[in-house]
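Visitor: turn this into a structure:
(2 chains)
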Amino acid sequence: MAGNISAQYMITNDIKRQEPKTMQLILISVALIFFVLILIIPLVAVFVKAFEQGAGLYVFSISDPIALQAIKLTLITIGFAVVINTVFGLTVAWAVAKFKFKGKNLFVTFLDLPFAISPIIAGMIFILLFSTTHGLLAPLLNAFDLQVMFAPAGIILVTLFVTMPFIARELIPLMEAQGTVEEEAALSLGASGWKTFLLITLPNIKWALLYGVILTAARAAGEFGAVSVVSGHIRGLTNTLPLHVEILYNEYQFSAAFAVSSLLTIIAIINLVVKNIADWRIKKQENRS
Amino acid sequence: MPSKLLKIRQHSVIPGFGITMGFSLLYLSLMVLIPVSMVFLNSSSIGMTAFWETVSSERVLASLKISFATSFAAAAINVIFGVLFAWVLVRYSFPGRKLIDGLIDLPFALPTAVAGISLTTLYAENGWIGKVFAPLGIKIAYTPLGIIIALIFISFPFVVRTVQPVLESMDIEAEEAASCLGASKLQTFYKVILPTLLPAIITGFALAFARALGEYGSVVFISGNMPMYTEITPLLIRAKLEQYDYAGATAIAAVMLVISFTMLLFINVLQWWAGNRDRSV
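Guide: Prediction:
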């Protein structure tokens, strides 16, 4: 709403408020040059380099059995991250946004921890827990002959860690802003708590939830540092797409590395499109209410 | 447990506090608090002298110096261009504005490894951009300059996205008053607009700096990883882990974690302060 008002102001006060045209042109040009150099050229380069040696090599690179295995493990990891974080995100957002309690700020700060920690350290802490030689849980793991590190389970675990805050962070501010009036009305009319959540809360937050899911999926697909620490780089078993990119690149198979990268880049572009649609939808919803 | 929590929270007719809070705390403890506390648990078992020896070794100090210098440079450059972008996007209209606004978040969406190989290929001596600078004797990839480029890329959206909403919701009365009283455009910017934007700028800077300090994926490709020259701290931790030097890796990680926590706390306090200031106005 605030955006709307200021937009109207901008139109009516255009002349008083704005700098001379030449100044504007200079500022816009500088911004555009920076934008093209830093963001656009690296994006375009991925696709140009991917097809540099022909479409044949491109198709071969992304359909090679090891690449297919990496795609499969990446999809499994995305699945775990999305399902578990959706449950956690909805739960934590309900507790934080719909109630007032002591220590809320501290609680929300803890929620942000995975964002503040270097991906390398995120991977390392799970080695300190689950390594069969050095880990805290080593006796337990060895007793049951379980392997978590250097196995797909470890990759899923660290991905859950690094993607934990995304959905909760999208939902909490929106649910706080929406308040509890609608839920209270439903409850006082005799709806059950569960029914209130499904019929009142969920429709109100669906776009933010969708965007949180997309962010989670994109990060799960693209996480590199943390996954690289716990994967052990076993080809055909513990390689995700970004790790496969690293191996190809280090073997000087540049076109193949960029071909696989282009898949991840397409995911990133879809992410941006959905983000903009969700933003627009949330704004529309706010304006209506 | 629920009865104890009931006293902590204010009364409400909304159901489900006990179960949602309980589940959230359990998950957070198992997935985050216990794993993160492992760093401090392990580093305290190393012993003070060994800890200090690791952390104050020449290679570790050099890596910290490189990490801090490059992250600071990248975050500072992003403050300048971030404010410029927020300004241009909010105040001016030009063709492609919406598209650019939508693409600002690209660095958050693009996997760091992809950014890393793309930037390295572009800024290497025979790359599209590196080729332009090579005749001038400027090497970018495999030097600290390359690290800064990668860090600018990955932390670019922070300042734009923190400053943009503040600029959008800014009242124009103050600016008009300033210009009515005879202030020039530049004076209005420095004395009226900049102070209002400052909390958002500092938050954006801190977020960008914190992100840059921990970055690994993009830097590992472009830096060349030469100890004492282009080895950032996360790379050094990675190297120690690969040599199974878990004690060394943990000690360095503990130092980095303390720095990250301090920054996180600082950002939260700053946002709380800025929020209070807005309310009192």
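
Visitor: tell me the spacing between the one residue sitting closest to the centre of chain A and chain B.
Guide: For chain A, the residue nearest the mean C-alpha position is A:Leu215 (2.8 Å; CA atoms, centre = their mean). Computed as CB to the nearest CB, to the nearest Å, the A:Leu215 to chain B distance reads 8 Å. Any C-beta I mention is one placed from the backbone N, CA and C, and that applies to glycine too.

Visitor: just the element for that residue, please.
Guide: Following DSSP states H and E, one finds A:Leu215 within helix A:202-222.

Visitor: got the CA coordinates for that helix in PDB?
Guide: C-alpha atoms of helix A:202-222 as PDB (Å, rounded to 0.1, in the frame of the first residue of the first chain):
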ATOM      1  CA  LEU A 202      -3.400 -21.500   4.000                       C
ATOM      2  CA  PRO A 203      -5.200 -19.600   1.200                       C
ATOM      3  CA  ASN A 204      -3.900 -16.300   2.700                       C
ATOM      4  CA  ILE A 205      -0.300 -17.500   2.500                       C
ATOM      5  CA  LYS A 206      -0.200 -19.700  -0.600                       C
ATOM      6  CA  TRP A 207       1.900 -17.400  -2.700                       C
ATOM      7  CA  ALA A 208       4.500 -16.800  -0.100                       C
ATOM      8  CA  LEU A 209       4.600 -20.500   0.600                       C
ATOM      9  CA  LEU A 210       5.100 -21.300  -3.100                       C
ATOM     10  CA  TYR A 211       7.900 -18.800  -3.200                       C
ATOM     11  CA  GLY A 212       9.500 -20.300  -0.100                       C
ATOM     12  CA  VAL A 213       9.300 -23.700  -1.700                       C
ATOM     13  CA  ILE A 214      10.900 -22.400  -4.900                       C
ATOM     14  CA  LEU A 215      13.700 -20.800  -3.000                       C
ATOM     15  CA  THR A 216      14.300 -24.000  -1.000                       C
ATOM     16  CA  ALA A 217      14.300 -26.100  -4.200                       C
ATOM     17  CA  ALA A 218      16.700 -23.800  -5.900                       C
ATOM     18  CA  ARG A 219      19.100 -23.700  -3.000                       C
ATOM     19  CA  ALA A 220      18.900 -27.500  -2.600                       C
ATOM     20  CA  ALA A 221      19.700 -28.000  -6.200                       C
ATOM     21  CA  GLY A 222      22.600 -25.500  -6.200                       C
END
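
Visitor: list the helices and strands it packs on?
Guide: Helix A:202-222 sits against helix A:65-97, helix A:152-163, helix A:165-178, helix A:241-250, helix A:254-288, helix B:112-123, with contacts defined as 3 or more CB pairs under 8 Å, 6 or more residues apart in numbering or on different chains; DSSP states H and E.

Visitor: so which of those helices has the densest surroundings on average?
Guide: For the helices and strands packed on helix A:202-222, the largest average neighbour count (mean count of other CB atoms under 10 Å in any protein chain shown) is found in helix B:112-123, namely a mean of 27.

Visitor: following it, which helix or strand comes up?
Guide: Helix B:112-123 is succeeded, C-terminally, by helix B:130-133 (DSSP H and E).

Visitor: any residues touching that next one, and which ones?
Guide: Contacts to helix B:130-133, defined as CB atoms under 8 Å, 6 or more residues apart in numbering or on different chains, come from residues B:Leu122, B:Tyr123, B:Ala124, B:Glu125, B:Lys139, B:Ile140, B:Ala141.

Visitor: most widely separated two among these?
Guide: B:Leu122 and B:Lys139 (13.5 Å; CB to CB).

Visitor: OK, contacts around the residue in the stretch 151-289 of chain A that chain B sits nearest to?
Guide: At 2.8 Å from chain B, A:Gly222 is the closest residue in the stretch 151-289 of chain A, using CB to the nearest CB. Applying CB under 8 Å, 6+ apart, we find A:Gly222 in contact with A:Leu241, A:Pro242, A:Leu264, A:Ile267, A:Ala268, B:Leu110, B:Pro111, B:Thr112, B:Ala113, B:Val114.
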